[in-house]
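Student: please find the sequence and the predicted model below.
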Amino acid sequence: MSRISAGQALSETDTLQNPSNDLIPRSWTSEHSLITGPSVNRAWTTADTAPKRMTLSELWRKCIAALRARWYLRHAKTVGSFTRVWGRPSIQIWGRGNLTVGERVQFISKIAQLDIVVGADGTLEIGDGAFINYGTSISAIRHVQIGAGSLLGMYVIIMDNDFHHLDPNRRHEWPESAPIILEQNVWLAARVIVLPGVTIGANSVIGAGSVVTKDIPPNVFAAGVPAKVIKNL
């Protein structure tokens, strides 16, 4: 590709792409830089659109994280490609419990331990591209689903079983579990608690510190104790 000076005007038939893939208007003149604005003398080269090269240390860290994923998730039924584990999570799968993990999932367990438990007859499904931050605790005694692209902030708690009856005479018995479903692209901010039987609709956001006791529809922002819809997105 030939070099084009920032002082040159683009012809009526020429367009270029900047690093964010936005087309630069044909009306640019010699008073503007193609990158930073007016009065900057800088040439446009193929290097401007080339992807940033990964350093050896970055490559090494990602390789180690991929190896950790294979180790810590070795008892999972399936683990998608490019899934990575950072730090040392606690992942327990009891008996015939079933854990499935999609592609490009990230588990963060460096500052505080990430804790995942799948019950003997439980199922935990984590969709492609999900992100689970440190300090989070997920308990799937029956069924928990985390949709593709969902983001779980620090210290989130997701439990599909209360583990104790309200009845004082049955306090040490486990009640029935109820499935928890996070549809695709859900964001749970820090310290959100999701209780049994809840479905959170696609693209919805739950504010920090909220306790979700009932279903949340898609495409809304909800917050509070208990969480209530604040506005549509």
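Tutor: Alright, I've got the coordinates. Numbers count the residues shown, from 1 in each chain.
Student: break the chain down into its domains, please.
Tutor: The domain map for the chain lists 11-52, 56-232, with the assignment taken from automatic domain parsing.
Student: so residue 65, which state does it fall into?
Tutor: The assignment at residue 65 comes out as helix when based on DSSP: H, G, I helix; E, B strand; the rest coil.
Student: residue 88 is in contact with that one, correct?
Tutor: No: using CB atoms under 8 Å, residue 65 is not in contact with residue 88; the gap is 11.6 Å. (C-beta placed from N, C-alpha, C; glycine too.)
Student: between the two, tell me which one has more neighbours.
Tutor: Just comparing residue 65 and residue 88: by other CB atoms under 10 Å the higher neighbour count belongs to residue 65, 18 against 12.
Student: ok, now which ones touch the more buried one?
Tutor: Listed by CB atoms under 8 Å, 6 or more residues apart in numbering, the contact set of residue 65 reads 84, 85, 86.
Student: quick revisit: worst mean pLDDT among the domains of the chain?
Tutor: By mean pLDDT, the lowest-scoring of those turns out to be domain 11-52, with a mean of 41.
Student: about what we covered before: winner for burial among the domains of the chain?
Tutor: For the domains of the chain, average neighbour numbers computed from mean count of other CB atoms under 10 Å are highest in domain 56-232, which has a mean of 18.
Student: just the endpoints, please. Distance across it?
Tutor: 44 Å (CA to CA, to the nearest Å).
Student: how far away is the residue positioned nearest the centre of the chain from residue 215?
Tutor: By CA atoms, centre = their mean, the mean C-alpha position of the chain lies nearest to residue 131, the distance being 2.7 Å. For residue 131, the distance to residue 215 equals 23 Å [CB to CB, to the nearest Å].
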